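*Asks:* quick one: sequence plus predicted model below, questions after.
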Amino acid sequence: DAGVIQSPRHEVTEMGQEVTLRCKPISGHNSLFWYRQTMMRGLELLIYFNNNVPIDDSGMPEDRFSAKMPNASFSTLKIQPSEPRDSAVYFCASSLVERGPQHFGDGTRLSIL
Amino acid sequence: RKEVEQDPGPFNVPEGATVAFNCTYSNSASQSFFWYRQDCRKEPKLLMSVYSSGNEDGRFTAQLNRASQYISLLIRDSKLSDSATYLCVVTRPSGGGADGLTFGKGTHLIIQP
C-alpha cells in the first residue's frame, strides 16, 4: 500500500520566493497533519485537517504560511514570502481517525537562502 | 511544566543490555499515547501504541502510569539497529484542537557494540 507521499523531497530557494509543499495522504485516512521539525524546536504541529476541513491552525507561525486541502487526496502548504528562518524539514502525516496513530511522509527538506 | 517532557539523552547503552526511558505529560485528561521512532534524517514511524494495561511487542514493552502521568518504553536485548530517537506522543480528548496532539522532543538512544 502507498504511504503518505510528499513532494518535493528537497527544495532550495532564495528568500522572498513562494514555496509550495504537497502531500497525498493514505487513501481512506480522514485526518491530515502538517509538521515542521528543527533541531531547536523539535517536531511542531502547524495545522491539521479532519475530513478536509482545517480544525486548528494555531500552530501556523504567521500569515506567510497557508495550507489548503481541496479534496481528500491532496493538501498543500505554502510559504509566501519565504525567509531563511523557515528552513526546516516539513512533514505531512495522515491518520484513519483524528487522534489515532499517524503515518508520516518522507518529508520535504526546505532550505531558504 | 511542559506538556510533554522527555530526557533528550543521549543514552549510550552496550549491545544486549536493557534500557528504559520515560515520558511525562502534564494533562491528566490525556487519553491516547504512542511511541514513535525516528532515525537520523528520516520520518517518525509508529513504534507502538501504549495501552492502559501495558503492552509488549517482541523486545519492546510500553507502560502507562496514569497516577504519576508518565509512559515508559523498555527495550530488552538491545540491538545496534535500535539506535534512534524515540518520540512520545500524547493526545487529549476531543476539543483540544491542535494542542491536542503533542510530540515530545525525543530521547536519543545509541547502542554501542
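*Replies:* Cool, the structure landed. Numbering: from 1, shown residues only, chains lettered A, B, ... in the order given.
*Asks:* what strands line up against the helix or strand where A:A67 lies, and which way round?
*Replies:* A:A67 belongs to strand A:65-71 when assigned by DSSP states H and E. Neighbouring strands of strand A:65-71 in its sheet, by DSSP bridges, are strand A:74-79 (antiparallel).
*Asks:* what residues of the strand it pairs with count as buried?
*Replies:* Within strand A:74-79, the residues scored as buried using 16 or more other C-beta atoms under 10 Å in any protein chain shown are A:75, A:77, A:79. For glycine as for every other residue, the C-beta is placed from the backbone atoms N, C-alpha and C.
*Asks:* contacts for the strand holding A:A67 next, please.
*Replies:* Strand A:65-71 has contacts (C-beta atoms under 8 Å, 6 or more residues apart in numbering or on different chains) with A:32, A:34, A:46-47, A:49, A:52-54, A:57, A:60, A:75-80.
*Asks:* where's the dip in pLDDT among the residues you listed?
*Replies:* When the contacts of strand A:65-71 are sorted by pLDDT, the bottom entry is A:D57 at 86.
*Asks:* that one against A:W34, yeah?
*Replies:* No: taking contacts as C-beta atoms under 8 Å, A:D57 lies outside contact range of A:W34: 9.4 Å.
*Asks:* more neighbours: which of the two?
*Replies:* More crowded of A:D57 and A:W34, by other C-beta atoms under 10 Å in any protein chain shown: A:W34, with 25 against 17.
*Asks:* please name the nearest non-neighbouring residue to that one.
*Replies:* Excluding its sequence neighbours, the residue lying closest to A:W34 (C-beta to C-beta, 6 or more residues apart in numbering or on different chains) is A:L46, at 4.4 Å.
*Asks:* what helix or strand does that neighbour sit in?
*Replies:* Going by DSSP H and E, A:L46 is part of strand A:42-50.
*Asks:* parallel or antiparallel, which strands does the worst-scoring helix or strand of chain A on mean pLDDT pair with?
*Replies:* Sorting the helices and strands of chain A by mean pLDDT, DSSP states H and E puts strand A:53-56 at the bottom, at a mean of 88. If you go by DSSP bridges, strand A:53-56 pairs up with strand A:42-50 (antiparallel).
*Asks:* identify the bridge partners of B:L46.
*Replies:* Bridge pairing for B:L46 - DSSP bridges - gives B:Y36.
*Asks:* my guess is it meets A:P101, correct?
*Replies:* Yes: between B:L46 and A:P101 there is a contact at 4.8 Å, judged by C-beta under 8 Å.
*Asks:* list the residues that are in contact with both of those two.
*Replies:* B:F34.
*Asks:* contacts for stretch B:11-18, please.
*Replies:* B:19, B:21, B:74-80, B:107-113.
*Asks:* how about 10 Å then?
*Replies:* B:19-21, B:59, B:61, B:74-80, B:82-83, B:86, B:107-113 (C-beta atoms under 10 Å, 6 or more residues apart in numbering or on different chains).
*Asks:* cheers, nothing more for now.
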